[in-house]
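Novice: output the structure for:
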Amino acid sequence: MNEESSLKDPLHHRAPPGTHWTTANMGEAMPGVATPLSASVWGDTVDRGLVAGAYGLGAISAHERETLGPPGDRPIRLFHGRAAVNADFLALVGDRMPGTSGEEVVRSFFGEVPETMGFHPTARRYPFVAARLPVTFARYPGRVRALTADYDGWWRASVVRLEGADGRGARLLLADASDRMRRAVVVQSVAVMTCVQPVYEALAQTVKDIGTGDLSVLSSPPGGAESVVVRDIWRASRGEIQVGEVVARHGFHGPFEGELSARVWREDPAPLERMVEHYAGLSEGQSPDAREAALARAREAEERELLAAAPRARRPAVKLVLRLVRSRIPLRGVAKRSMLQSLDVARAAARVIGQDLAGSGLLADPEDVFYLILDEALALDPAPLQELVSERKASREQHARIAIPECWQGDPPETPVEDTAEDRDTVVTGEGVSAGVAEGSARVVEDPSFAEVEPGEILVAPTTDPSWSSIMFVSSALVVDIGGALSHAAVVARELGIPCVVNTRSGSRTLRTGDRVRVDGGAGTVEILEVGA
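Specialist: Numbering: from 1, shown residues only. Model prediction:
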């Protein structure tokens, strides 16, 4: 795609022949078909984050860090408005790491390995890993905590400043938000790749070697970012704080929060108010504190069993792994909070810019600002934009009518959305990532405003993002089309102690709202017990 055509349609790229791509897990960050502004604010940030993470591991050199940006090597691309990650890049990183492999890294991210992928293990980067990874491993927890403290205050101050900002002031904040987004993505990527993923893999290997222990229970220490949101919603349901206080703390969350044009709780608190009503109907025995205490008892029992089964000489190493799990696994979603705060400031700034452009007659509707790319929205002397906006709207609508597979090679095959209905198999299989069994009524959720969701239902979704933690708390189980053991759905489900099956590929198309289903989060199966009316 040449530069001119990519400006007209920034939502669709071409892929070099033979490269492997997957949308798995990317839907957590960029839900649905992105708007051009959302895609350009995300822009190269995830590219840079993945490359920075690989450098922090020691898997790539400084030269490779600078040159892994040309079209053939970019880790992230957009295809029909959906973000996809280059699985070959992740395989390259895994093949250069001691204690793992490209195959294992790809499987942990996406749940399976494409049959056409090739792997090339090498030890040539091991000395660099030995030199760089321990330093990054030691420093990044502090960097994550410093980042979140800084961004919390900045987000609150910025959304207040934008209430009276003019177009120029909004553009300055949009540029600042984009820069901060880039920094947050880098910290998130490095933290996951150097602090979280290696610890989880060490725990999984320990459980496998010793032959005992429930990995889903052992890998679910308290302290995740979403647990704070759940606690505040619970407090609001008990009248301890007002809904407005929840919004003041967490208003950057909301339906499709990774999409800039979405309306989050700060702008529309109605979905949050419904959550408070749901929580109000729960007993005190179902409180976050009660649930966390029960999970802590189960986790401590599993830890004792694992240590008792370990050979005496290995017990110090097992204790170290367990200690690292408690301190590092909760980092999985902490920096993501800062990413979402950056996006929300960009969202608020864009809406002010949209009003400015519409007032000047350059846009027909303030919301059309989301069909510009970042440079166009930042321009102080923009040309008439409505014709370009109209072309991009039509193009985005066309992309939304095209379905692409989760994994593919080269350019993705395209299928009309109406031709993607799944056969009604009685059992849906995936990866069990949070143990337990639950039976109940399925609720297939496409719109995460959760207007129709009832407590106790089994949520079935194509993907999830951090705003889902609020409804997951009152659900009996979760079934998701994409993801792996460290995907958002898996981590939060383990923190909340609900069964979860991810990587079903087609669960949200096979299952129907009203089906009575049985979810086995250990076996990774979802059985249709009774077809809904």
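Novice: and the strands in this structure?
Specialist: In the chain, the strands defined using DSSP state E lie at 20-22, 76-79, 82-86, 402-403, 407-409, 415-416, 427-429, 431-434, 437-444, 458-461, 477-480, 500-502, 516-520, 525-530.
Novice: for residue 37, find the nearest of those.
Specialist: Closest to residue 37 of the strands of the chain is strand 76-79 (CB to CB; 13.0 Å). All C-beta spots, glycine's among them, are computed from the backbone N, C-alpha and C.
Novice: what's the closest one in contact with?
Specialist: Contacting residues not belonging to strand 76-79 are listed as 10-13, 15, 21, 23, 26, 34, 39, 44, 46-47, 50, 83-86, 404, 411-412 [CB atoms under 8 Å, 6 or more residues apart in numbering].
Novice: just to revisit the earlier point, need the strands of the chain in CSV (columns: distance to residue 239 and mean pLDDT).
Specialist: Output for the strands of the chain, formatted as CSV (distance: least, CB to CB, whole Å; pLDDT from 0 to 100):
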stretch, distance to residue 239, mean pLDDT
strand 20-22, 45, 89
strand 76-79, 45, 91
strand 82-86, 41, 91
strand 402-403, 46, 92
strand 407-409, 48, 89
strand 415-416, 50, 87
strand 427-429, 41, 92
strand 431-434, 31, 92
strand 437-444, 28, 95
strand 458-461, 27, 94
strand 477-480, 29, 95
strand 500-502, 31, 94
strand 516-520, 33, 96
strand 525-530, 37, 94
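Novice: I'd like the distance between residue 119 and residue 113.
Specialist: According to CB to CB, to the nearest Å, residue 119 and residue 113 sit 9 Å apart.
Novice: try residue 315
Specialist: From residue 315 across to residue 113, the span is 34 Å (CB to CB).
Novice: for this structure, what's the longest helix?
Specialist: Across the chain, the longest stretch assigned as helix under DSSP state H is helix 126-161.
Novice: by contact count, what packs against that one?
Specialist: In terms of contacts (3 or more CB pairs under 8 Å, 6 or more residues apart in numbering; DSSP states H and E), helix 126-161 is packed against helix 45-57, helix 167-191, helix 334-359.
Novice: dump those to CSV, plus distance to residue 268.
Specialist: Below are these laid out as CSV (distance: least, CB to CB, whole Å):
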stretch, distance to residue 268
helix 45-57, 26
helix 167-191, 20
helix 334-359, 12
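Novice: tell me which of those helices sits nearest to residue 272.
Specialist: helix 334-359 (14.3 Å).
Novice: for the closest one, which residues meet the burial criterion?
Specialist: 334-358 (16 or more other CB atoms under 10 Å).
Novice: what of stretch 154-170?
Specialist: Quick answer for stretch 154-170 (16+ other CB under 10 Å): 154, 155, 158, 159, 161, 162, 165, 167, 169, 170.
Novice: contacts only, for the second one.
Specialist: This means residue 155. Residues near residue 155 by CB under 8 Å, 6+ apart: 252, 341, 342, 344, 345.
Novice: then the third one?
Specialist: If you count contacts by CB under 8 Å, 6+ apart, residue 158 has them with 173, 176, 177, 345, 348.
Novice: who's in contact with the third one?
Specialist: Looking back up the chat, that one is residue 177. Contacts of residue 177 by CB under 8 Å, 6+ apart are 41, 158, 342, 343, 345, 346, 349.
Novice: how about the fourth one?
Specialist: Contact analysis of residue 345 by CB under 8 Å, 6+ apart lists 154, 155, 158, 159, 162, 173, 174, 176, 177, 180.
Novice: and these, which is closest to residue 499?
Specialist: Residue 499 lies nearest to residue 155 out of the contacts of residue 345, by CB to CB, at 33.9 Å.
Novice: distance check, the closest one against residue 251.
Specialist: 9 Å.
Novice: before we move on, back to that, hey, what's in contact with both of residue 119 and residue 113?
Specialist: residue 103.
Novice: ok, back up a step: pLDDT on the longest helix of the chain, on average?
Specialist: Averaging pLDDT along helix 126-161 gives 93.
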